[in-house]
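Q: structure, please.
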Amino acid sequence: MKDDYCDRLTIRVPAGRHEIAIENIGGGVFHTGHYLLEGYLERRSLADVQAMRVGDQAYLWVRNTEHTWPAFIQKRELEPITGVTARLPDWLAKARVKVEWWDTERGTILSTDTAMADPAGVLSLNVPSFRHDVAAKIISLSKE
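A: Model prediction:
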């Protein structure tokens, strides 16, 4: 779309790392409403996993990437996400932990379980089925 006041510009960028700078080198006013980056990130999973460890505890948040503000406003029904495994490194080899899975919408515990890190110190957790997001509180039962 192009007219005297509005121009839509498409730039194809090859794969690889790039830095793109947008500059106004003219004398007029430059305004952009938004940038649309298509194909920028390959989507491999609908689950976005974030974790933080503090001492002998860790906190995990797993969210459905399709649970967005527009989806919420449109009351879009999301399919449950299943089969997600979160792998957390840097635990003691064979460390035992207590895992509390939380329903973040209700603020209640869904389940409590124990897990053990592998010989390399990687803790693998099977995330329960969820539609929007789920969280975990992980407490070490082993002395570090």
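Q: residue nearest the middle of this structure, spatially speaking?
A: The C-alpha lying nearest the average C-alpha coordinate of the chain belongs to D48 (Cα atoms, centre = their mean; 2.4 Å).
Q: export stretch 119-126 as CSV, just CAs?
A: Provided in CSV are the C-alpha atoms of stretch 119-126 (Å, rounded to 0.1, in the frame of the first residue of the first chain):
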residue,chain,number,x,y,z
PRO,A,119,24.0,-38.5,37.2
ALA,A,120,25.0,-35.3,35.3
GLY,A,121,22.9,-33.1,37.6
VAL,A,122,20.1,-32.5,35.2
LEU,A,123,16.6,-32.4,36.7
SER,A,124,13.9,-33.5,34.2
LEU,A,125,10.3,-32.7,35.1
ASN,A,126,7.2,-33.8,33.3
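Q: identify all contacting residues around that stretch.
A: The contact list for stretch 119-126 (Cβ atoms under 8 Å, 6 or more residues apart in numbering) reads 60, 84-95, 97, 99, 115-118, 136, 138. The C-beta positions use only the backbone N, C-alpha and C, and glycine is treated the same way.
Q: secondary structure class for the residue nearest to the centre of the chain?
A: When classified by DSSP: H, G, I helix; E, B strand; the rest coil, D48 comes out as strand.
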